[in-house]
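>>> Attaching a predicted model along with its sequence, questions to come.
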Amino acid sequence: MAGDTTTIARPYAEAAFEVARSDGSLDAWADGLTLLGTIVEDPQLGEQIGNPKATAEQLRDLIFAVAGEGLSLHLQNLVRLLAVNRRLVVLPDIARLFAQMKTAYEGLRHVQVTSAFAVADADRDALAERLKAYFGGDVELTVAEDPNLIGGIKVRAGDIVIDGSLRGRLERLSNDLQF
């Protein structure tokens, strides 16, 4: 289902991003979408959103009541549109996709590095510099340990995955040999 909601959310996120970029209000939009995504993810509100008997107006008014007065006119219009189309459930995905577009636009990439062992600060800095050169912009590293990798590292930046782990190499070898 996550892939389905991402596919549905992408055009909304792209349109919202273009409006926010042209208005110079990327931060306000990001904050508002994050708020709306958090509201929709609430379990009690989720029940109401999934209730086929609830009208678009009722759902819209419920979200507006919870959000308070912090929503711009554009964000209110987005909520109205999503409510009419029964797509409020994609608001968290819209917020996530918008945040990714904003980060890319600002030239900063969030990079998740998974290592089989702890990464020393000097190695982390050197890796950040190499990834900065590879991606052509600033990177923000998040490093995690996973002993299941056996050795090496795995790098994930959005849709890009670079698997330099020993486990990944063994899996590719196994696939090549068709085990």
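Ah, there it is.
>>> Okay, now the unreliable bits of the chain?
Across the chain, the ranges flagged by pLDDT under 70 are 1-3, 179.
>>> any chance you could map the helices in this protein?
Ranges of helices in the chain, per DSSP state H, are 2-23, 26-41, 43-49, 56-67, 73-84, 91-105, 121-135, 166-177.
>>> Report the buried residues of the longest one.
By neighbour count, and taking 16 or more other C-beta atoms under 10 Å as the criterion, the buried residues in helix 2-23 are 5, 8, 9, 12, 13, 16, 17, 20. (Each C-beta comes from the backbone N, C-alpha and C, glycine too.)
>>> Could you measure from the nearest residue to the fourth one once chain neighbours are set aside over to residue 25?
What it means is residue 12. With C-beta to C-beta, 6 or more residues apart in numbering as the criterion, residue 12 has its nearest non-adjacent residue at 5.0 Å, and that residue is residue 94. Plainly put, residue 94 is 16 Å away from residue 25 if you go by C-beta to C-beta, to the nearest Å.
>>> cool, and residue 35?
To residue 25, residue 35 is 14 Å away according to C-beta to C-beta.
>>> Looking at the two, which one has more neighbours?
residue 35 (19 against 15; other C-beta atoms under 10 Å).
>>> tell me the contacts of that one?
By C-beta atoms under 8 Å, 6 or more residues apart in numbering, the contact set of residue 35 is 67, 70, 71.
>>> Apply the buried test to these and list what passes.
67, 71.
>>> wait, which of the contacts of residue 35 is closest to residue 52?
Closest to residue 52 out of the contacts of residue 35 is residue 67 (23.1 Å), distances taken as C-beta to C-beta.
>>> any chance of the helices of the chain in JSON lines, with distance to residue 154 too?
Output for the helices of the chain, formatted as JSON lines (distance: least, C-beta to C-beta, whole Å):
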{"stretch": "helix 2-23", "distance to residue 154": "21"}
{"stretch": "helix 26-41", "distance to residue 154": "28"}
{"stretch": "helix 43-49", "distance to residue 154": "33"}
{"stretch": "helix 56-67", "distance to residue 154": "38"}
{"stretch": "helix 73-84", "distance to residue 154": "35"}
{"stretch": "helix 91-105", "distance to residue 154": "20"}
{"stretch": "helix 121-135", "distance to residue 154": "12"}
{"stretch": "helix 166-177", "distance to residue 154": "7"}
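>>> separation between the residue nearest the centre of the chain and residue 103?
Residue closest to the mean C-alpha point of the chain, counted by C-alpha atoms, centre = their mean, is residue 96 at 3.3 Å. Look at residue 96 and residue 103: by C-beta to C-beta, they are 11 Å apart.
>>> same deal with residue 130?
Taking C-beta to C-beta, one finds residue 130 at 20 Å from residue 103.
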